[in-house]
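Visitor: 3D model of this:
(chains A and B)
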Amino acid sequence: MRCGGCSVRKAPLPASEAFDSRIGSTRREISSKRFAPGGAKTPILMKTIASRLEYFAQHQPQAIFCRFLSGKTAETITFAQLYERSLAYAAYFTDRGVVRGDVVLIILKHTPHLFYSQLGAILAGAIPSFMPFPSPKQRVDLYWSDHEALFNRINPTLLLTYEEARQAAQAMLSDFSTPILLASDQVLQHKPHPSARIALDADEVACLQHSSGTTNLKKGVMLTHRAIIDQVMAYSSALSFQPDDSIASWLPLYHDMGFIACFMASVIQGTTLVALDPFEWVMRPHLLLDAIQEHKTTFCWLPNFAFSHLVNAARPDASWDLSSMKAFVSCSEPSKSTTFEKFLARFAECGVTRRHLQVCYALAENVFAATQTRLDLPVRTMLFDAEAFAKNNLAQPSPGRAALSVLSCGLPIAGVSLEVRDPSGTVLSDGIMGEIYIHSPFLFAGYYRLPEQTREKLRDGWYATGDIGFIDDGELFVAGRIDDMLIINGSNYYAHEIETIVNSVPAVIPGRNVAIAVDDPYTDTKVVAVLAECRHDADFERIGQDVRRSVLERLGLAVHSVVPLARGELLKTTSGKISRKTNAQFYHDRVLNTDAANVG
Amino acid sequence: MLQMSAESDDTILNRVTKVMTNVFHLPGNFSVDRTTSSVNVEGWDSLSHATLMMEIEEEFKLELPTDQMFELKNVGELVDLISSEQRCRSKTP
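Guide: Alright, predicted model coming up:
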């Protein structure tokens, strides 16, 4: 909706779910009528994740919470089983001294224990947080040593993990005194006891989300029960999500899209999740299409690269019935119209139409979604003058001139207000690019044990996203980042962290390299390129290997190409600073567009 | 059931090299051996690794164990995995 000449956008709250985030009132209470598939008629008070889980376990015990697919096996988990097993974990944690407000870190591979342990910690009043496990390409010692400072700051009461990770942590974290427990089916034998399930308040922190940045820069986003539930309800309303809807997901739970949009949404609404192993999906993308066809799911969230991966991996003669789907929602990295066109061209015969391809703008600090495109319309694409965009931050039409194409991220969901501001804080008019600010009832409660960083990003109830974009006709268009964050396959990395690692390669001159993200037209995602000035006697072929190895071992990130340069070849600004932006242009013009012989 | 005999490691390596050349657009003078890994090859990331595995399965008419695909550290381990799967297949009555 438009708001005159001002850039403030506030979506109205749906009348049936009106709430005020700052005033506890019965208006916040959520009726079961709309969200309980079991058909319970009694209005219920479900202000916490724990109470919603209990409700569905009691009122629809045999309803399926999850079809958990792994390898060639499929495990079905009902809401009664989910609750019972989560209670067992709550007892397990409580018996080992976990009390209200304690942080429980969870580092597990794809297993239903992810669900049970997270919810068990919540039932026990603790604050769980999922963390990614070391990938096979990462060096295990570096993974743990890089996490040491983070663990010391969080000071968890428990670390729940698997045997291999426990051994590594014990061997490599010399000062880590936190007890390490193992997730196993034996835990599920724990007898639930009343003291393991405590009465919670909606404004207590329910969990920490550690999804942004690489290890050293990870910040624990504190999310309350109220924020998570209100977000899920508001977002469900934007999607017209119904009690019989279901979600197919291959997403890891340490990512907000997998955690909130898929796992938490299913718990809070009492609906079904079909969950695949993320690593298995990367290797066999068709498993997601098989799952949609078999279980007739209706929603699926994907980063842009995943749309392409599905297209590239689908055998020409293969076909699926995807007609059950209401939306494939693109989120977590810039969505591209070319990717949507490829997806449509390949899967139209399977029942996918343009209207099924939608976009969401989400961030962990807002629990998840801030905007969503309308499901009843195709996503709007804006074409505008590339030169005006680059020089003056203007998103204006450009008949006959080189045009940039940006997909809409849609309208703010209920309760969310957006502003686009310039660096001085002035709110900008429509069509002018600036930093995106968000105000909503479900903004995070701060970064865990990082008050300075919280104050820096959260001012007067507005969150400075660090994303650059503009508003047109009420819809948000996101164009990039204000900082040096690189979004690679839906994961966030900071360029300066990669550059620091590259500095450690002996042949590279310290402080003389840049990491940039460049488009890969095949995967429709960004890949990382490193341009590095090297010592005169360096073996250029060896540098490429050493740079790739050092970044891979530390971050689990594959550097796509390495460009060794002679001293002084990196481009600088007029003030003499090495510029990532200028060197990205250099890479594009001189490396991508020429057959450079020295690309390692 | 189709019976197939296990190939020598050199033969497997040659066929793997052919697939890698197509997937990664390797230059003609690029030498692939058992020690070649993702750090030697431009663009060998998790997504292109998936493409490589699919093309390998197609080339060798095999289904490789998904969990082991991730653990592969270099071309030598891939050759060993293919060889092992071929031996299993050749023993299947």
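
Visitor: quick check: domain ranges of chain A?
Guide: A:39-283, A:485-592 (automatic domain parsing).

Visitor: closest to residue A:297 out of these?
Guide: Among the domains of chain A, domain A:39-283 comes nearest to residue A:297, with 4.0 Å by Cβ to Cβ. (Each C-beta comes from the backbone N, C-alpha and C, glycine too.)

Visitor: and the strands in chain B, which stretches?
Guide: Ranges of strands within chain B: none, based on DSSP state E.

Visitor: looking at it, which residue is nearest chain A?
Guide: As assessed by Cβ to the nearest Cβ, chain A sits closest to residue B:45 within chain B, at 3.5 Å.

Visitor: identify the residues contacting the closest residue to that residue other than its chain neighbours.
Guide: Take residue B:45 and drop its neighbours on the chain: the residue closest to it by Cβ to Cβ, 6 or more residues apart in numbering or on different chains is residue A:558, 3.5 Å away. When contacts are counted by Cβ atoms under 8 Å, 6 or more residues apart in numbering or on different chains, residue A:558 touches A:137, A:528, A:548, A:551, A:552, B:38, B:44, B:45, B:46.

Visitor: hang on, the earlier thing: comparing the domains of chain A by mean pLDDT, which bottoms out?
Guide: Ranked by mean pLDDT, the domains of chain A bottom out at domain A:485-592, with a mean of 86.

Visitor: so which bits of the stretch 451-600 of chain A are right by chain B?
Guide: Proximity of the stretch 451-600 of chain A to chain B (Cβ under 8 Å from any Cβ of the partner chain) is limited to residues A:489, A:520, A:523, A:525, A:527, A:544-546, A:548-549, A:552, A:558, A:560-562, A:599-600.

Visitor: now swap in chain A and tell me
Guide: A:71, A:136-137, A:279-280, A:282-285, A:305, A:309, A:312-313, A:489, A:520, A:523, A:525, A:527, A:544-546, A:548-549, A:552, A:558, A:560-562, A:599-600.

Visitor: which phi and psi does the residue of chain A found nearest chain B have?
Guide: Of all residues in chain A, residue A:558 sits closest to chain B, at 3.5 Å by Cβ to the nearest Cβ. Per-residue torsions, residue A:558: phi -90, psi 120 (degrees, to the nearest 10).

Visitor: just the one 5 residues further on next, same as before
Guide: When read as degrees, to the nearest 10, the backbone of residue A:563 gives phi -110, psi 100.

Visitor: separation between the closest residue to it other than its chain neighbours and residue A:553?
Guide: Setting aside the residues directly before and after it, residue A:563 is nearest to residue A:531 in space (Cβ to Cβ, 6+ apart), at 4.6 Å. Distance of residue A:531 to residue A:553, given as Cβ to Cβ, to the nearest Å: 21 Å.

Visitor: what does the worst-scoring helix or strand of chain B on mean pLDDT contact?
Guide: Lowest by mean pLDDT, DSSP states H and E among the helices and strands of chain B is helix B:66-71, with a mean of 89. Contacting residues not belonging to helix B:66-71 are listed as A:71, A:136, A:279, A:280, A:283, A:284, B:49, B:53, B:77, B:81 [Cβ under 8 Å, 6+ apart].

Visitor: any idea of the pLDDT on residue 38?
Guide: In the absence of a named chain, this looks at chain A. Model confidence at residue A:38 (pLDDT) stands at 35.

Visitor: chain B, not that one
Guide: In this model, residue B:38 carries a pLDDT of 92.

Visitor: kindly report the same for the one 3 residues further on.
Guide: Predicted confidence (pLDDT) for residue B:41: 92.

Visitor: list the contacts of it.
Guide: Contacts of residue B:41 by Cβ under 8 Å, 6+ apart are B:20, B:24, B:26.

Visitor: still on that earlier bit, and the least confident helix or strand of chain B, which residues are buried?
Guide: Of the residues in helix B:66-71, B:66, B:69, B:70 count as buried by neighbour count, 16 or more other Cβ atoms under 10 Å in any protein chain shown.

Visitor: quick check, nearest of these to residue A:578?
Guide: The shortest approach to residue A:578 among the buried residues of helix B:66-71 belongs to residue B:70, at 36.0 Å (Cβ to Cβ).

Visitor: where's the closest one relative to residue A:493, distance?
Guide: With Cβ to Cβ as the criterion, residue B:70 and residue A:493 are 20 Å apart.

Visitor: can you pull out the low-pLDDT segments for chain B?
Guide: Along chain B, the parts satisfying pLDDT under 70 run over B:1-5, B:92-93.

Visitor: tell me where it has helices.
Guide: B:9-24, B:46-60, B:66-71, B:75-91 (DSSP state H).

Visitor: ok, residue B:73 touching residue B:35?
Guide: No: with contacts counted by Cβ atoms under 8 Å, residue B:73 stays clear of residue B:35, the gap being 9.7 Å.

Visitor: partners of the helix or strand hosting residue A:274 in the sheet?
Guide: Secondary structure from DSSP states H and E places residue A:274 in strand A:272-275. In the sheet containing strand A:272-275, its partner strands are strand A:64-70 (parallel), strand A:246-249 (parallel), by DSSP bridges.

Visitor: run through who's touching that strand.
Guide: Under the contact criterion Cβ under 8 Å, 6+ apart, strand A:272-275 has outside partners A:63-69, A:110, A:246-250, A:262-263, A:266, A:291-292, A:295, A:297.

Visitor: how close does residue A:409 get to residue A:580?
Guide: Using Cβ to Cβ, one obtains 25 Å as the distance from residue A:409 to residue A:580.

Visitor: now residue B:48
Guide: From residue B:48 to residue A:580 the distance is 25 Å (Cβ to Cβ).

Visitor: same question, residue A:91
Guide: With distances taken as Cβ to Cβ, residue A:91 is found 51 Å from residue A:580.

Visitor: what's the answer for residue A:345, then?
Guide: Counting by Cβ to Cβ, the gap from residue A:345 to residue A:580 is 35 Å.

Visitor: okay, the two: which has more neighbours?
Guide: Per other Cβ atoms under 10 Å in any protein chain shown, whichever of residue A:345 and residue A:580 has more neighbours is residue A:580, with 20 against 11.

Visitor: isn't that one right next to residue A:514, touching?
Guide: Yes: with contact defined as Cβ under 8 Å, residue A:580 reaches residue A:514; the gap is 5.0 Å.

Visitor: which neighbours do these two have in common?
Guide: Contact criterion Cβ under 8 Å, 6+ apart; residues shared by residue A:580 and residue A:514: residue A:495.

Visitor: what parts of chain B come near chain A?
Guide: For chain B, the contact set with chain A under Cβ under 8 Å from any Cβ comprises B:38-40, B:42-48, B:50-51, B:53-54, B:66-67, B:69-71.

Visitor: what subset of the residues you listed is buried?
Guide: For these, buried by 16+ other Cβ under 10 Å: B:38-40, B:42-48, B:50-51, B:53-54, B:66, B:69-70.

Visitor: ok, back up a step: out of the helices of chain B, which one sits most buried?
Guide: Comparing those by mean neighbour count (mean count of other Cβ atoms under 10 Å in any protein chain shown), helix B:46-60 ranks first with a mean of 19.
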